[in-house]
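Chemist: A predicted structure for the sequence below; I have some questions about it.
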Amino acid sequence: MIDFSPLWISLRIAAIATVVVCFLGIAAARFMQDYRGPWRSLLEGLFLAPMVLPPTVLGFLLLLLLGKNSPLGSLLSAAGISVVFTWYAAVLTASVVAFPLMYKTTLGAFEQIDSSLQRAARTLGASEFTIFWRITLPLALPGLLAGATLSFSRALGEFGATLMLAGNIPGRTQTLPMAIYFAVEGGDFAEAALWSAVVFGLSLGGLMLVNYRTSRLRGRRLHHGRKLFSIVSKDKKKSGGTQTREKTSLYSLPNAWASMRARMQRKFMGGGQITYVTPLVTPLLEVDICKQLPGFKLAVNFVVDGTRPLGLLGASGAGKSLILRYIAGIETPDTGRIVLNGRVLFDSEKGISLPSCDRKIGLLFQNYALFPHLTVAQNIAFGLRHPQSAEQLQATVQQQLVAVHIESLAQRYPYELSGGQQQRVALARALASQPEILLLDEPFSALDTHLRSRIERQLFNRLQHYQGMTLLVTHNLEESYRFCDRLLVVEQGRTIAYDRKYQIFEQPRSIRVAQLTGCKNFSSAITKGSKQVYAEQWQCSLQTVEPVPVNLIQVGIRAHQIKFFLRGQISTAEPPPNTFPCWLAATSETPHRMTLYLKLHTPSTHEKDYHLQAEVFKEKWNQLKDQPFPWRVQLDPMRLILLEAE
């Protein structure tokens with residue numbers, strides 16, 4: 001008669017060892033994900049050593065550590081505890097050999113998670129425990145299942161280390177691998193084949209099951225654990241001039257919303273426009289920070305007050321997004337101070353650095369950073385910092401959905417949404433907790449031209465009712481001009497201009513600011529009088545309206561501000577000031593405009609022989625193109641940009 005005790009012993013030991021290594025592997029992987037200290041390589045080697053050491057060597061080392069003659073073994077013996085040749089010695093060896101698989105698989109799963117999701121959760125007020133429990137673990141679930149299955153299979157098949165530490169005691173420590181080994185040694189090949197088939201079937205079946213389950217999790221984008229709530233808000237067809245909505249359901253998640261009642265059936269309360277609490281004082285942000293970066297040093301100092309949006313304008317890599325990250329607490333400056341509405345968020349001298357979850361800041365990421373395992377409604381609810389009743393929670397979420405016109409999308413997952421819809425969800429989530437300041441990091445960069453214009457307008461209308469401050473990072477000139485009242489121009493980590501947008505665009509004082517705001521025509525200039533300069537590259541004298549600055553170095557004019565005169569429009573005897581003959585060197589066409597490359601005074605000899613770029617609408621081009629040369633252009637004295645040394 002076959003003794004089935006090796007099977008039950010192996011299953012019990014492997015199951016207990018799997019539970020143990022799941023806890024230890026997840027904890028170790030979470031620690032090593034953030035640890036960058038000097039002992040990282042050593043710790044990594046110790047964690048993975050059981051994977052490469054021969055089982056007999058591993059068993060011998062454990063025997064040296066826990067044997068009766070070892071210091072630890074002596075202490076355990078004095079306490080009446082004996083580890084060697086017991087079933088829990090088998091659990092210990094199985095856990096040790098299975099741990100590297102769980103650790104490495106879990107670490108890989110954690111590192112594959114988009115870090116912006118965790119950063120977004122922090123800015124929404126979530127604690128590190130909440131982030132780990134509700135974001136990291138659910139997104140890493142496929143990897144955790146794979147690691148647990150591999151660990152179980154490895155624990156089930158452990159032989160060498162178990163034999164040395166736990167021995168081969170029938171009914172107590174004799175596992176399936178030992179039963180197979182001693183059956184073969186005793187010549188009972190039938191029993192060895194039976195147990196080998198059992199081990200093979202259990203291991204292969206577990207791997208097949210976890211692969212199937214993992215593919216379903218990834219394919220359907222289901223989140224781990226019970227639903228926080230499921231909102232159905234699909235508008236039915238209008239009937240008799242009225243419109244109804246389906247009921248919604250609310251489910252409890254004990255660790256996050258312990259105060260909520262389970263399985264409540266309620267209709268949404270409220271709706272329509274969000275009402276924000278008007279601040280008692282004018283919003284105020286003070287930033288004075290420095291950070292040494294590879295290639296340049298970021299050093300900015302500015303003060304923002306009022307609710308009108310401030311635009312951070314500059315080329316890619318200038319440090320604009322970094323400034324937002326420092327304000328949000330995602331990254332930390334080397335030195336400086338950040339104060340929001342009288343609250344010190346960061347002060348290097350006093351050692352103050354509030355975590356992101358305590359800064360009351362909303363951040364809209366470039367990729368929106370929506371949690372892929374949560375529905376639209378669950379994403380929005382995640383930003384609610386304080387526990388609310390079920391009715392209040394649903395009402396707040398519904399208000400946000402209505403405000404951004406996505407009521408019918410409440411139960412969808414982010415991967416089922418378009419780019420514009422994702423952006424609206426991210427905005428609703430950021431504003432749900434009514435932050436004191438909203439940081440927008442190039443929110444329209446992922447949208448096409450048509451959608452960009454529509455979503456930009458919706459965002460602008462949405463923020464009309466927001467009483468906090470708004471900072472917008474962009475490198476799009478038209479976007480910054482339409483959206484913002486003031487501009488902070490950043491170049492290589494330095495503030496090179498900070499003023500109202502009209503002043504920045506119409507009268508930039510430095511070459512780089514003029515370039516960043518779209519000016520394409522420059523010439524070195526020599527002062528000829530209080531209101532007259534000589535443009536060396538253009539070979540002409542120019543009258544100005546404003547007095548010439550003392551440290552003038554260049555003169556510029558924007559391409560769209562060059563004025564053309566058709567034949568007969570001006571008198572050649574007394575032309576307007578700064579009017580010159582010109583010839584066309586080359587053209588460049590866009591859907592609505594033409595860029596004309598012009599040479600002043602004499603005909604062009606080749607397409608690169610030109611002085612100025614002019615931009616005209618195609619209607620004007622149709623009038624110009626048949627005109628005989630030379631054409632007449634005016635560099636309007638009111639439009640000239642007088643540029644000083646930086």
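Modeler: Noted; the coordinates are in hand.

Chemist: Every contact and neighbour count from this point should use C-alpha atoms.
Modeler: Noted.

Chemist: what about residue 499, helix or strand, and which?
Modeler: strand 494-500 (DSSP states H and E).

Chemist: Identify each buried residue in the helix or strand following that strand, please.
Modeler: Moving toward the C-terminus from strand 494-500, the next helix or strand (DSSP H and E) is helix 501-506. The neighbour-count check on helix 501-506 (16 or more other Cα atoms under 10 Å) flags 501, 504-506 as buried.

Chemist: quick one on the thing from earlier: let me see the residues that make contact with the strand holding residue 499.
Modeler: With contact meaning Cα atoms under 8 Å, 6 or more residues apart in numbering, strand 494-500 is reached by 298-301, 485-490, 504, 513.

Chemist: okay, those in CSV with secondary structure, distance to residue 557 and pLDDT next?
Modeler: Below are these laid out as CSV (DSSP: H, G, I helix; E, B strand; the rest coil; distance: Cα to Cα, whole Å; pLDDT from 0 to 100):
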residue, secondary structure, distance to residue 557, pLDDT
298, strand, 30, 93
299, strand, 30, 94
300, strand, 29, 93
301, strand, 30, 93
485, coil, 23, 88
486, strand, 22, 91
487, strand, 20, 93
488, strand, 22, 93
489, strand, 19, 92
490, strand, 22, 92
504, helix, 14, 90
513, helix, 13, 91
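
Chemist: Greatest separation within the residues you listed: which pair is it?
Modeler: 298 and 485 (24.0 Å; Cα to Cα).

Chemist: Mind checking which of these two has more residues around it?
Modeler: Regarding residue 298 and residue 485, a neighbour count based on other Cα atoms under 10 Å identifies residue 298 as having more, with 24 against 16.

Chemist: doesn't residue 291 make contact with the more buried one?
Modeler: Yes. Residue 298 lies in contact with residue 291 (Cα atoms under 8 Å); the separation is 5.1 Å.

Chemist: what's around residue 182, how many residues?
Modeler: Around residue 182 there are 17 other residues, counting by other Cα under 10 Å.

Chemist: quick one: contacts for it?
Modeler: Residue 182 neighbours (Cα under 8 Å, 6+ apart): none.

Chemist: Look at it and give its secondary structure.
Modeler: Of the three states, residue 182 takes helix under DSSP: H, G, I helix; E, B strand; the rest coil.

Chemist: isn't residue 181 right up against residue 193?
Modeler: No. Using Cα under 8 Å, residue 181 is not in contact with residue 193, being 10.6 Å away.

Chemist: Could you say which helix or strand holds residue 528?
Modeler: Going by DSSP H and E, residue 528 is in strand 521-529.

Chemist: scratch that, residue 461
Modeler: Short version: residue 461 belongs to helix 449-463, going by DSSP H and E.

Chemist: Flag every buried residue along that helix.
Modeler: Neighbour count says helix 449-463 has 452, 455-456, 459, 462-463 buried, by 16+ other Cα under 10 Å.

Chemist: could you give the mean pLDDT of the helix or strand harbouring residue 31?
Modeler: Following DSSP H and E, the helix or strand that holds residue 31 is helix 5-34. Taken as a whole, helix 5-34 carries a mean pLDDT of 93.

Chemist: Could you list every helix and strand in contact with it?
Modeler: In terms of contacts (3 or more Cα pairs under 8 Å, 6 or more residues apart in numbering; DSSP states H and E), helix 5-34 is packed against helix 87-111, helix 137-156, helix 176-185.

Chemist: Pipe these into TSV and attach mean pLDDT and distance to residue 78 per row.
Modeler: Formatted as TSV, those follow (pLDDT from 0 to 100; distance: least, Cα to Cα, whole Å):
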stretch	mean pLDDT	distance to residue 78
helix 87-111	93	18
helix 137-156	91	30
helix 176-185	85	31
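
Chemist: so residue 178 touches residue 168, yeah?
Modeler: Yes. Residue 178 is within contact range of residue 168, at 6.9 Å (criterion: Cα under 8 Å).

Chemist: Of the two, which one has the most company?
Modeler: residue 178 (24 against 19).

Chemist: tell me the contacts of the more buried one?
Modeler: With contact set as Cα under 8 Å, 6+ apart, residue 178 has these partners: 159, 163, 168.

Chemist: And the strands in the stretch 201-350 of the chain?
Modeler: 229-230, 248-250, 264-266, 284-293, 296-305, 310-313, 335-340, 343-347 (DSSP state E, counting those that start in this stretch).

Chemist: quick one: which of the ones you listed is nearest residue 475?
Modeler: strand 310-313 (5.4 Å).

Chemist: if we look at the closest one, which residues are touching it?
Modeler: 304, 320, 470-477, 480, 483-490, 516.

Chemist: what's the helix or strand for the closest residue to residue 528 other than its chain neighbours?
Modeler: Nearest residue to residue 528, sequence neighbours excluded (Cα to Cα, 6 or more residues apart in numbering): residue 534, at 6.5 Å. Assessed by DSSP H and E, residue 534 sits inside strand 532-535.

Chemist: Give me the helices and strands touching that strand, please.
Modeler: Under the contact criterion of 3+ Cα pairs under 8 Å, 6+ apart, strand 532-535 touches strand 521-529, strand 540-543.

Chemist: would TSV of those strands with distance to residue 80 be doable?
Modeler: Formatted as TSV, those follow (distance: least, Cα to Cα, whole Å):
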stretch	distance to residue 80
strand 521-529	89
strand 540-543	101
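
Chemist: Mind putting those strands into TSV with mean pLDDT, distance to residue 364 and mean neighbour count?
Modeler: Output for these, formatted as TSV (pLDDT from 0 to 100; distance: least, Cα to Cα, whole Å; neighbours: other Cα atoms under 10 Å):
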stretch	mean pLDDT	distance to residue 364	mean neighbour count
strand 521-529	94	36	18
strand 540-543	95	47	18
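
Chemist: before we move on, the earlier item: which parts of the strand holding residue 499 are buried?
Modeler: 494-498.

Chemist: how distant is stretch 369-381 from the center of its chain?
Modeler: 14 Å (Cα atoms, centre = their mean, to the nearest Å).

Chemist: Dump the C-alpha coordinates for it into CSV.
Modeler: Output of stretch 369-381 as CSV, limited to C-alpha atoms (Å, rounded to 0.1, in the frame of the first residue of the first chain):
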residue,chain,number,x,y,z
ALA,A,369,-0.7,59.2,-15.0
LEU,A,370,-4.2,57.7,-14.7
PHE,A,371,-4.3,54.5,-12.6
PRO,A,372,-4.9,51.8,-15.3
HIS,A,373,-6.5,49.3,-12.9
LEU,A,374,-9.1,51.8,-11.6
THR,A,375,-12.1,53.1,-13.5
VAL,A,376,-12.7,56.7,-14.3
ALA,A,377,-14.8,57.2,-11.2
GLN,A,378,-12.3,55.4,-9.0
ASN,A,379,-9.5,57.5,-10.4
ILE,A,380,-11.4,60.7,-9.4
ALA,A,381,-12.3,59.4,-6.0
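
Chemist: Sounds good, over and out.
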